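Colleague: model this:
(chains A, B, C and D)
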There are 2 protein chains.
Amino acid sequence: MDRPELGFLLSRLMREVMAREKPILDAAGLEMWDYAVLTALADSDAPTQAQLAAATGRDKTRLIGNLDRLEAEGMVVRQPDPADRRNRIVSLTPAGSRVLRRCREAIEAMEAELLADLDPADRAAFQRALTALVENDR
Amino acid sequence: MDRPELGFLLSRLMREVMAREKPILDAAGLEMWDYAVLTALADSDAPTQAQLAAATGRDKTRLIGNLDRLEAEGMVVRQPDPADRRNRIVSLTPAGSRVLRRCREAIEAMEAELLADLDPADRAAFQRALTALVENDR
DNA sequence: ACATATCGTCTACGCCTGCTTACGATCTAC
DNA sequence: GTAGATCGTAAGCAGGCGTAGACGATATGT
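Modeller: Sure, this is the predicted structure:
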């Protein structure tokens, strides 16, 4: 047979990565989407909920539930935008930042282990190519 | 911020690949899962339905519907296994092979275009690394 | 002042998912 | 031959998903 297709390989690898992330997030009491939201929050400042939904790819009505829970657990706050009070600006609390940082470290360690068997040059090229591809079709 | 995480990059790229595959499969009257099934069928010979479910990662009870439709459209046949008549052996018909080959060609062209901007050495390393990673944790 | 649009929220719809249970047909072990 | 396991199938369940419609609060254009 031919070389397996990109979609096939990506879905397999994706499944593996998610399987390895799950115990880490479970330990922190986070769901996948919570983590995506926290990450997006750390990377962009003062996003409105609509912007946050767009950034994470989550439906805006689904996002609400995640924010409700994250806010109840004190990881996130929603504040009315002084410039346009229809908007609610979401931001990380120190507690949220702390949880996020701890998860991120564990996940980076997991990723390093996952990629450990690769030839170092290939690993660098892999990450470079992946990043370029994602940025390309933004 | 840090380098984006593997899971983040993979999900983005995956989304893009699937978005580009969809029109191709639509034109052939196939759903994503149909294509995955046909591909798995071409790569392994004489699988039982349970093996096919395992190979594609689809739930065995969900697979039934796909096979029903593919069989109704003459792309696939189910035959009782002479060695164990509980099993049903699934195989591609010539028509199924033809449809699959046409889709595969279109998808490979799409992938080539997607990867076209990469540095050739990076592209080769990317594919090599991706394949190695998937085979690694099988 | 008034009409129109946007934002966040809630509710409901239909679709797809994996999981579970049950069933008949069939194989295997004893 | 009888008991138990396995295969494909059907049906039902809970949960996730995006979408759409409605609503109050708010902003904007005229």
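
Colleague: what residue is smack in the middle of chain A?
Modeller: residue A:36 (2.9 Å; C-alpha atoms, centre = their mean).

Colleague: My guess is it contacts residue A:56. True?
Modeller: Yes - Residue A:36 lies in contact with residue A:56 (C-beta atoms under 8 Å); the separation is 4.9 Å. Placement of C-beta: from N, CA and C, glycine included.

Colleague: if I look at the two, which residues touch both of them?
Modeller: With contacts defined as C-beta atoms under 8 Å, 6 or more residues apart in numbering or on different chains, no residue is shared by residue A:36 and residue A:56.

Colleague: and the angle for the strand or helix carrying residue A:27 with helix B:6-28?
Modeller: Assigned by DSSP states H and E, residue A:27 belongs to helix A:6-28. The directions of helix A:6-28 and helix B:6-28 differ by 140 degrees, with axes from the mean of the first three to the mean of the last three C-alpha atoms, to 10 degrees as the criterion.

Colleague: ok and the helix or strand where residue A:123 lies relative to helix B:120-136, angle-wise?
Modeller: Assessed by DSSP H and E, residue A:123 sits inside helix A:120-136. Relative orientation of helix A:120-136 versus helix B:120-136 (the same axes, to 10 degrees): 100 degrees.

Colleague: by contact count, what packs against helix A:120-136?
Modeller: helix B:6-28, helix B:120-136 (3 or more C-beta pairs under 8 Å, 6 or more residues apart in numbering or on different chains; DSSP states H and E).

Colleague: mind listing what's buried in the last one?
Modeller: For helix B:120-136, the buried set under the neighbour-count rule, 16 or more other C-beta atoms under 10 Å in any protein chain shown, comprises B:122-123, B:125-127, B:129-130, B:133-134.

Colleague: Name the nearest of these relative to residue B:81.
Modeller: Nearest to residue B:81 among those: residue B:134, at 29.3 Å, using C-beta to C-beta.

Colleague: Would you agree that closest one is in contact with residue A:11?
Modeller: No - at 9.4 Å, residue B:134 does not count as touching residue A:11 under the criterion of C-beta under 8 Å.

Colleague: Tell me, how many residues neighbour residue A:61?
Modeller: Residue A:61 sits with 8 neighbouring residues when counted by other C-beta atoms under 10 Å in any protein chain shown.

Colleague: quick one: it and chain B, what's the gap?
Modeller: 20 Å (C-beta to the nearest C-beta, to the nearest Å).

Colleague: check which helix or strand covers that residue.
Modeller: Here residue A:61 is assigned to helix A:60-72, by DSSP H and E.

Colleague: Show me the contact partners of that helix.
Modeller: A:31, A:33-34, A:37-38, A:49-50, A:52-53, A:56, A:58, A:76-78, A:90, A:96.

Colleague: And the furthest pair within those?
Modeller: Largest pairwise distance in the contacts of helix A:60-72, by C-beta to C-beta, is 21.0 Å, between A:31 and A:50.

Colleague: so how far is stretch A:94-104 from its chain's centroid?
Modeller: 12 Å (C-alpha atoms, centre = their mean, to the nearest Å).

Colleague: Is it positioned near chain B?
Modeller: Yes - for stretch A:94-104, a contact with chain B is found by C-beta under 8 Å from any C-beta of the partner chain, at residue A:104.

Colleague: Next, the buried residues of the host helix or strand of residue A:39.
Modeller: Taking DSSP H and E as the definition, residue A:39 sits inside helix A:32-43. Burial within helix A:32-43, assessed by neighbour count using 16+ other C-beta under 10 Å, is assigned to A:33-42.

Colleague: can you check stretch A:93-110 too?
Modeller: A:96, A:99-100, A:103-104, A:106-107, A:110.

Colleague: Many thanks, have a good one.
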